[in-house]
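In: fold the following for me, if possible:
(2 chains)
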Amino acid sequence: MSHIQTLPTRDLCESAKKGGCGECQTSCQSACKTSCGIANQQCENQKESK
Amino acid sequence: MIHQYRLGGKNIVLDTCSGSVHLVDDVAYDVISLYESHSKEDIVREVAARYPARPEASPKEVAACVDEVTELKKAGRLFAPDTFAPMAGELKARTGGVVKALCLHVAHTCNLNCAYCFASQGRYHGERAVMSLETGKQALDFLVAHSGTRRNLEVDFFGGEPLMNFPMIRDLVAYARSLEKDTGKHFRFTLTTNGLNIDDEVIDFCNRECHNVVLSLDGRKEIHDALRVDYQGRGSWDRIVPKFQKLVAARGGKGYYMRGTFTHANPDFLKDIQVMLDLGFTELSMEPVVCAPGDPAALTEEDKPIVFRQYEELAQLMIARRREGRPFTFYHYMIDLTGGPCIYKRISGCGSGTEYMAVTPWGDLYPCHQFVGEEGFRLGDIRHGVDNLAVQQEFASCNVYAREECRSCWARLYCSGGCAANAWHSTGSVKGVYAYGCDLFRKRMECAIMVEAVRQTEGNA
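Out: From the prediction side, this is the model:
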């Protein structure tokens, strides 16, 4: 039996090879304005390819 | 580095550097916690002894689980080493000088007099002023001229209360649309408002032109009206809620956030979120107050467990409402595990002072809206560009690896090193760490990932 279920996630190491286009939203822009989080931001490249 | 926690009936293991998220049973949870410090034989003996009556914890099963962990480690999905440090700053260096977002302070004045306002009732410690159309145009020209190959440019209309300068906003957006035609750029506008000046023309404008609208409402009427008062001391809740409802109803699915602030007066902010839901709003954000430690509104250590409980109960409420077919969004629980930011974004910090700046009504540039009025942080102005290179360099060098505390934090690739303004306010350095905010952030991430894990396992996307 498997004891571990791995959820689909973006491979961060892989993203190092072709990431960094810089088109994504500035971190707290457009929303909270008082804290920094990037987990809830989308990659513009991936968004366009979806 | 890994982080393990139990929440909402799930055992969750996060692998910081690969970004992997694992849901595990009790056996794997224990195996993983022992894996790096014990031999396979010791792990099998110890874990099997912990669950003597469970078939999934027989020595054979535990040994198989250890092998499963080993495979995941080999695949780079568990205990992945942090190899990103040399890349820190690379994105910023590569895109040095490129600006892609401006926060336009179109009105350093406000028709409310909120006690907790970090902008000192919109004045940012200075004179009341509104931005002229000419200055606004120069700001957009500055943005386009410095945006390099960036196509998407973000512009926030901020204040003070930006709608106190609405005709200028309307005319400036028309100018921006003409720039789009000439330059191939695409502007995304956001308006943040306290709601008092919303009318049909504003609603029409927002729904036509604004990518996002941020509407300030603190939730319960008594909580909102205690702090969000006009200059006669009258609460604003009754006047703004119908306007917000009308605006959102007309928005046709376009983005908005109902954004509240919670303070020492309402660490039990889930009640405020419930009020927002009862009013029909579904895109919600509730932020901890930003203020000096001695301020009566400041959150205390005693508030922290109450706030944590709200975050957990909020997560459960989101799961329950989704199951009922009545989902809602909480800004800090939005997480896209497969389509989130690349590693460059995750380690390069928030972008304030480099790719993002705030513009005062006079055209002065600051690293972000929270530094406006702090003269030492003035970067330059939109007519002559950035001339305070020392301060800009300080912001450019902010990243996950610039803060010692972040190196040992499992959440560092979800926050990218935190908010420079919060760090500065709490420690006196933009490279400091706002520890209280970090505690809240980590709790929010635990909850957000749990909510997403439940969504994925239940398959009701």
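In: tell me the bridge partners for residue B:108.
Out: Note on residue B:108: beta-bridge partners by DSSP bridges are residue B:129.
In: from residue B:95, how far off is it?
Out: To residue B:95, residue B:108 is 30 Å away according to C-beta to C-beta, to the nearest Å. Backbone N, C-alpha and C define where each C-beta goes, glycine included.
In: the more surrounded of these two?
Out: residue B:108 (28 against 21; other C-beta atoms under 10 Å in any protein chain shown).
In: hmm, the more buried one is touching residue B:121, no?
Out: No: counting by C-beta atoms under 8 Å, residue B:108 sits too far from residue B:121 to count as a contact (9.5 Å).
In: ok, and the closest non-adjacent residue to whichever residue of chain A sits closest to chain B?
Out: Residue nearest to chain B within chain A: residue A:19 (2.7 Å; C-beta to the nearest C-beta). Distances taken as C-beta to C-beta, 6 or more residues apart in numbering or on different chains put residue B:342 closest to residue A:19, at 2.7 Å, once the chain neighbours are dropped.
In: any idea of the mean pLDDT in stretch B:449-458?
Out: For stretch B:449-458, mean pLDDT rounds to 95.
In: contact partners of it?
Out: Contacts of stretch B:449-458 with the rest of the structure, by C-beta atoms under 8 Å, 6 or more residues apart in numbering or on different chains, involve A:5, A:7-8, B:7-8, B:10, B:12, B:14, B:21, B:23, B:315, B:318-319, B:322-323, B:333, B:335, B:337, B:461.
In: please, a PyMOL command that selects the buried ones among the residues you listed?
Out: The following PyMOL line selects those of the contacts of stretch B:449-458 that are buried, judged by 16 or more other C-beta atoms under 10 Å in any protein chain shown:
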select buried, (chain A and resi 7) or (chain B and resi 7+12+14+21+23+315+318+319+322+333+335+337)
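In: what about the contacts of stretch B:449-458, which are in strands?
Out: Among these, the members falling in strands (DSSP state E) are A:5, B:7, B:10, B:12, B:14, B:21, B:23.
In: how about the second one, what does it touch?
Out: The contact partners of residue B:7, by C-beta under 8 Å, 6+ apart, come to B:312, B:315, B:446, B:447, B:450.
In: go through the helix or strand where the first one lies and flag the buried ones.
Out: Right, residue B:312. Residue B:312 is part of helix B:303-323 when elements are defined by DSSP states H and E. Under the neighbour-count criterion of 16+ other C-beta under 10 Å, helix B:303-323 has B:303, B:307-308, B:310-312, B:314-319, B:322 buried.
In: cool, and stretch B:147-163?
Out: Using 16+ other C-beta under 10 Å as the burial criterion, the residues of stretch B:147-163 that qualify are B:147, B:150, B:152-163.
In: of those residues, which are in range of chain A?
Out: Near chain A, judged by C-beta under 8 Å from any C-beta of the partner chain, the entries from these are B:150, B:152, B:154, B:156, B:158.
In: low pLDDT regions in the chain?
Out: Answering for chain A, as no chain was given. A:27, A:29-32, A:36, A:46-50 (pLDDT under 70).
In: wait, chain B was what I had in mind.
Out: Residue ranges of chain B with pLDDT under 70: B:460-461.
In: okay, which residue is most central for it?
Out: Nearest to the mean C-alpha position of chain B, by C-alpha atoms, centre = their mean, lies residue B:332 at 6.2 Å.
In: okay, now the nearest residue to that residue once chain neighbours are set aside: neighbour count?
Out: In space, and not counting its chain neighbours, residue B:332 is closest to residue B:444: 4.6 Å by C-beta to C-beta, 6+ apart. Neighbour count of residue B:444, defined by other C-beta under 10 Å: 27.
In: same thing with the one 3 residues further on?
Out: As a burial measure, the neighbour count of residue B:447 was computed by other C-beta under 10 Å and equals 25.
In: please report phi then psi for it.
Out: Dihedral pair for residue B:447: phi -70, psi -40, per degrees, to the nearest 10.
In: for the helix or strand harbouring residue B:143, buried residues please.
Out: Residue B:143 is part of helix B:133-145 when elements are defined by DSSP H and E. Judged by neighbour count (16+ other C-beta under 10 Å), helix B:133-145 contains these buried residues: B:133, B:135, B:136, B:137, B:138, B:139, B:140, B:142, B:143, B:144.
In: how about the contacts made by the closest residue to the third one other than its chain neighbours?
Out: Which is residue B:136. What sits nearest to residue B:136 in space, not counting adjacent residues and going by C-beta to C-beta, 6+ apart, is residue B:172, at 4.2 Å. For residue B:172, the contact set (C-beta under 8 Å, 6+ apart) comprises B:133, B:136, B:137, B:140.
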